[in-house]
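> this one's structure only:
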């Protein structure tokens with residue numbers, strides 16, 4: 001078995017209303033008996049949009065994130081259509097439409113992280129992981145297609161080595 005490194009992450013977190021909207025999706029999936037992010041037992045598990053994840057985050061990335069993204073908060077975004085990511089088992093997520101200026105600023109952060117997990121940036125909120133392909137249509141039917149407005153109010157860092165979340169910036 002290949003050992004996957006623990007991934008540190010910078011994340012944009014929605015306000016309480018946005019968290020509740022995403023958690024409703026999580027609950028709908030659980031009520032159907034499907035995988036859901038509600039199944040994630042960690043106390044730091046919260047709806048979020050990942051800015052970047054990597055085995056380590058250089059200080060330069062944290063500084064750029066604080067300066068370029070922290071100063072923008074709050075950011076309005078729209079969780080729109082559903083995404084299916086993966087292979088035999090899929091991740092279901094809501095695509096997040098976000099202003100071009102935010103995208104440019106995120107890319108400025110991402111280039112500071114040479115060993116980032118993915119190239120490019122596909123902003124999304126994860127709803128479920130490891131969903132069997134046979135269950136995807138049921139998930140799509142229950143999640144529906146209504147857009148959800150998210151107000152991203154916090155920039156946080158997830159440190160899996162310490163098992164802790166640190167707020168780097170918050171909307172005033």
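The structure has been received and is ready for your questions. Just so it is clear, the structure is predicted and the values come from calculations on it, not from any experiment. Residues are numbered from 1 along each chain as shown.
> show me what contacts the most centrally placed residue in the chain?
Residue closest to the mean C-alpha point of the chain, counted by Cα atoms, centre = their mean, is residue 49 at 2.8 Å. When contacts are counted by Cβ atoms under 8 Å, 6 or more residues apart in numbering, residue 49 touches 11, 12, 77, 96, 98, 123, 124, 125, 150, 152. Where C-beta positions appear, they are placed from N, C-alpha and C, glycine not excepted.
> pLDDT score for the fourth one?
Translated: residue 96. Looking at residue 96, its pLDDT is 96.
> Could you check how far it is from residue 5?
Per Cβ to Cβ, to the nearest Å, residue 96 is found 26 Å from residue 5.
> neighbour count winner among the two?
Between residue 96 and residue 5, counted using other Cβ atoms under 10 Å, residue 96 has the larger neighbour count: 21 against 11.
> ok, that one - contacts?
Applying Cβ under 8 Å, 6+ apart to residue 96 gives the contacts 49, 77, 78, 79, 80, 123, 124, 125, 150.
> can you give me how far the longest helix belonging to the chain is from the chain middle?
Determined from DSSP state H, the single longest helix within the chain is helix 16-31. Remark: helix 16-31 is offset 14 Å from the chain centroid, using Cα atoms, centre = their mean, to the nearest Å.
> ditto for stretch 159-170
On Cα atoms, centre = their mean, the centre of stretch 159-170 falls 14 Å from that of its chain.
> again with stretch 108-115
Distance, stretch centre to chain centre, for stretch 108-115: 17 Å (Cα atoms, centre = their mean).
> need the strands for this structure, in chain order.
8-14, 49-54, 75-86, 89-98, 124-132, 148-159, 164-170 (DSSP state E).
> State the mean pLDDT of the shortest one.
Okay, so that is strand 49-54. For strand 49-54, the per-residue pLDDT averages 96.
> ok, the spatially closest residue to residue 149 that is not a sequence neighbour - contacts?
Spatial nearest neighbour of residue 149, chain neighbours left out: residue 78 (5.8 Å); criterion: Cβ to Cβ, 6 or more residues apart in numbering. Residue 78 sits next to 96, 97, 98, 147, 148, 149, 150 when contact means Cβ under 8 Å, 6+ apart.
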